[in-house]
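Novice: Compute the structure for the input listed below.
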Amino acid sequence: MLTVTDLSVRYGAIQALDRVTLEVPDEAVVAVLGSNGAGKSTLLRAISGTHKLHKGRIDTGSITHDGQRLDKLNPAATVARGVVQVPEGRRIFGRLTVDENLRAGGMGVKNRRQGSARDRVFELFPRLQERRGQTAALLSGGEQQMLAIGRALMAHPKLLLLDEPSLGLAPQVVEQIGEIILEINRQGTSVLLVEQNASMALRVANLAYVLDVGEVSLHGSAEELAATDQVQRLYLGHGADEPAGAGAAPRRSVARLSRWSG
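Specialist: Residues are numbered from 1 along each chain as shown. Reported below is the predicted structural model:
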């Protein structure tokens, strides 16, 4: 389990997160919703240890995963612990081929494990196998997002941090990304999903949190949050007078949702 407790992060004089607390249970998908500037990316940067690259600092709080503190580690050590981030904007190596990008993601992993990870990536993304020798910059937006996720999977993560994976993608591709997130989770990887596309996020998540100007304003099961007036109005585009079921209800079963609702 990932546990974030009373986390406060600043960029100079700007308070980006203010005493944020959340949990990602093992084998769960947890969504974090919020508008631009709510602190979603800052949360992932703090967990992955990359906040310092953006001149951020943790003022208070702690981050633990599998009983180990992450907030004292550098990004490479965090990856070695099994926590890997896919940053917003994909950030692939455009001049390298698909295969070279994947090998970069597997740096530090033994060759035998690199092979099994690559097989997993190509099973999830057959398109990448077809284009393994192609320069990454020539891939479509959806293919680049698949490559960014695949590169992260090369490190055999226990917890995958996804920052806006649907950004700039066509609705059909967004649907595919959602299905891939579910499949990655079914294979045993927990996922913390930061996403402005609340409809997709709440379909694939067990639990959800809403960040509002650096603070957690709502949290609960994805099904519960999808039914609230605030989420319906602000993130799903429905008026308060519409029935609660008018939003994008998660496709997971209620029985599975209840597993995480406590």
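Novice: Where does the most centrally placed residue in the chain fall, secondary structure wise?
Specialist: The chain has L162 as the residue nearest its centroid, 2.2 Å off, counting by CA atoms, centre = their mean. Assigned by DSSP states H and E, L162 belongs to strand 159-163.
Novice: neighbours around the residue nearest to G12 when sequence neighbours are not counted, how many?
Specialist: Once flanking residues are discounted, G12 sits nearest to K55: 7.0 Å by CB to CB, 6 or more residues apart in numbering. Just so you know, the C-beta spots here come from the backbone N, C-alpha and C atoms, and that holds for glycine as well. If you count neighbours by other CB atoms under 10 Å, K55 ends up with 9.
Novice: Then A13?
Specialist: The burial count for A13: 5, using other CB under 10 Å.
Novice: do A76 as well
Specialist: Other residues close to A76 by other CB under 10 Å number 11.
Novice: what separates the residue nearest to G12 from V83, distance-wise?
Specialist: Relative to V83, K55 is positioned 22 Å away (criterion: CB to CB, to the nearest Å).
Novice: Show me the strands in the stretch 151-262 of the chain, by range?
Specialist: 159-163, 190-194, 207-212, 215-221 (DSSP state E, counting those that start in this stretch).
Novice: now do the stretch 1-150 of the chain
Specialist: Using DSSP E, counting those that start in this stretch, strands in the stretch 1-150 of the chain cover 2-11, 14-24, 29-33, 56-65, 68-69, 83-86.
Novice: what's the least confident helix or strand in the protein, going by average pLDDT?
Specialist: helix 254-260 (a mean of 33; mean pLDDT, DSSP states H and E).
Novice: check contacts around V109.
Specialist: V109 is in contact with A117, M154, A155, H156, counting by CB atoms under 8 Å, 6 or more residues apart in numbering.
Novice: okay, now the closest residue to the last one other than its chain neighbours: neighbour count?
Specialist: Taking CB to CB, 6+ apart, and ignoring the residues beside it in sequence, H156 has A117 as its nearest neighbour in space, at 5.9 Å. In terms of burial, A117 registers 20 neighbours under the definition other CB under 10 Å.
Novice: and the angle from the lengthiest helix in the chain to strand 159-163?
Specialist: Assignment by DSSP state H gives helix 171-186 as the longest helix of the chain. Angle between the axes of helix 171-186 and strand 159-163 is 160 degrees (criterion: axes from the mean of the first three to the mean of the last three CA atoms, to 10 degrees).
Novice: quick one: buried residues of helix 171-186?
Specialist: Across helix 171-186, burial judged by 16 or more other CB atoms under 10 Å covers V173, V174, Q176, I177, G178, I180, I181, L182, I184, N185.
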